[in-house]
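Chemist: Build me a model:
(one chain, ligands or ions: 2)
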Amino acid sequence: MKMPFVRALSKVARQVLQDPGCGCQPMAIAVRTISFSPRQVTSDANFHSVSFSETDHPKVLITGGLGQLGVGLAKLLRKRFGKNNVILSDIRKPPSHVFHSGPFIYSDILDYKNLREIVVNNRITWLVHYSALLSAVGEANVSLARAVNITGLHNILDIAAEHGLRLFVPSTIGAFGPTSPRNPTPDLCVQRPRTIYGVSKVHAELMGEYYHHRYGLDFRCLRYPGIISADSQPGGGTTDYAVQIFHDAVKTGKFECNLKPDTRLPMMYIDDCLRATLEVMEAPAESLTMRTYNINAMSFTPEELVTEVQKQLPDLQVTYDIDLVRQAIADSWPMNFDDSNARKDWRWKHDYDLPELVQTMLNFIGSDSQIAHAN
Ligand SMILES: NC(=O)C1=CN([C@@H]2O[C@H](COP(=O)(O)OP(=O)(O)OC[C@H]3O[C@@H](n4cnc5c(N)ncnc54)[C@H](O)[C@@H]3O)[C@@H](O)[C@H]2O)C=CC1
Ligand SMILES: CC(=O)[C@H](N)C(=O)O
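Modeler: Ligands and ions are numbered 1, 2, ... in the order given. Modelled structure (predicted):
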């Protein structure tokens, strides 16, 4: 007689083999070789799926949470799930306002045991994996980028698979390269990026999808465009200019751009990006025909952004001093991003186009600098 877990194992294996969920042919591998847990420790995925009710709030851990996106995401998720159900983590010391706004914990994603302890002790059910070195800093420190973006991701995948977590890992427009179609770039096409950042993100997409099919991991991934935010600084990417221009325009009235005026890249306001992340995490599994989606809002060049900012601040003076590393990266990335699958499957819709983005950024930074002057 088969033990219950062996029956369950065989069932999962049959499903994986018969329905790879990607429209491709079933894999020809023996059922015997399928196991639940990649590191051969007992998986609690079954226990978790029985005990976790959809009406419960998830218990969320955000890694790399002190970068451009993590604090904003924590705020959004805390509003929805409760302050204590969302834990921010990073290897940096949090500023006082972040430390006092909700649970914060030290976590280095390269420390597997520490990660496991955090997940177990806090009964984590969702993991949002934001830790990464971005495109420009990654090129300046390839071995660190390889460790954080690739080895770190392996730890995250294993922990998530072992503990039955829903896992979100962002990818990027940087996961495409010069041989990809650039205008527009669809979800499925050639991906041969030329940065360690891009290579690590293609690796993350493929590993996450592999773990989904092999171990049943609930992996969800969005390819973000360049994200623009007013109250958090970008972490060393190619699209950073599109944030810096607002600060310089308000503070000094002068801006030196490090990309050529006609460099077109897909971009998004942070509120849209964070809402998309929550929406795809909450989407019913049946609505997801894929596990990695492009999302987009707008595409513009520095020249077009300058024109829009000058409608509000006509005295803004702009010069160009091209950063060759960033320019080469930008020239290999998508110009327009095709996100029709996200719009179809889970009804993705952006709120901010270029004029609303510029107005919102200037209002935010303008009022912030007025407050700073008054104090
Ligand atoms: N901001 C953007 O325009 C875009 C971001 N993304 C992705 O979204 C995610 C978040 O992006 P940002 O917040 O902009 O990144 P960021 O560079 O601002 O922040 C990354 C955080 O990771 C942390 N970190 C580095 N090494 C770590 C380690 N060993 N253990 C734990 N944490 C570590 C850093 O301290 C930092 O706070 C990243 O995965 C990035 O690739 C994707 C596309 C666009
Ligand atoms: C688009 C990204 O992934 C990031 N902002 C970068 O420029 O590296």
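
Chemist: Tell me who's in contact with Lys201.
Modeler: Contact analysis of Lys201 by Cβ atoms under 8 Å, 6 or more residues apart in numbering lists Asn149, Ser171, Thr172, Gly174, Ala175, Pro193. To be clear about C-beta, it is placed using only N, CA and C from the backbone, and glycine gets the same treatment.

Chemist: Counting neighbours, show which residues of the helix or strand hosting it come out buried.
Modeler: Secondary structure from DSSP states H and E places Lys201 in helix 196-215. Buried residues in helix 196-215, counted by 16 or more other Cβ atoms under 10 Å: 196-205, 207-209, 211-215.

Chemist: and it with ligand 1, contact?
Modeler: No. Using Cβ under 6 Å from any ligand atom, helix 196-215 never reaches ligand 1; the gap is at least 6.7 Å.

Chemist: likewise stretch 259-267?
Modeler: No. Using Cβ under 6 Å from any ligand atom, stretch 259-267 stays clear of ligand 1, with a minimum separation of 8.5 Å.

Chemist: Between the two ends of that stretch, how far is it?
Modeler: 15 Å (Cα to Cα, to the nearest Å).

Chemist: now swap in stretch 307-317 and tell me
Modeler: Stretch 307-317 has its terminal residues 11 Å apart, counting by Cα to Cα.

Chemist: Then stretch 83-100?
Modeler: One end of stretch 83-100 to the other measures 11 Å (Cα to Cα).

Chemist: With stretch 186-195 instead?
Modeler: 20 Å.

Chemist: to the chain's geometric centre, what's the distance from it?
Modeler: In terms of Cα atoms, centre = their mean, to the nearest Å, the centre of stretch 186-195 is found 17 Å from the chain centre.

Chemist: near ligand 1 at all, that stretch?
Modeler: No. Stretch 186-195 stays clear of ligand 1 (Cβ under 6 Å from any ligand atom), getting no nearer than 11.3 Å.

Chemist: quick one: is that stretch near ligand 2?
Modeler: No. Using Cβ under 6 Å from any ligand atom, stretch 186-195 never reaches ligand 2; the gap is at least 8.1 Å.

Chemist: Show residues contacting that stretch.
Modeler: The contact list for stretch 186-195, computed with Cβ under 8 Å, 6+ apart, reads 135, 138-139, 174-181, 198-199, 201-202, 290, 292-294, 328-329, 332, 338, 341.
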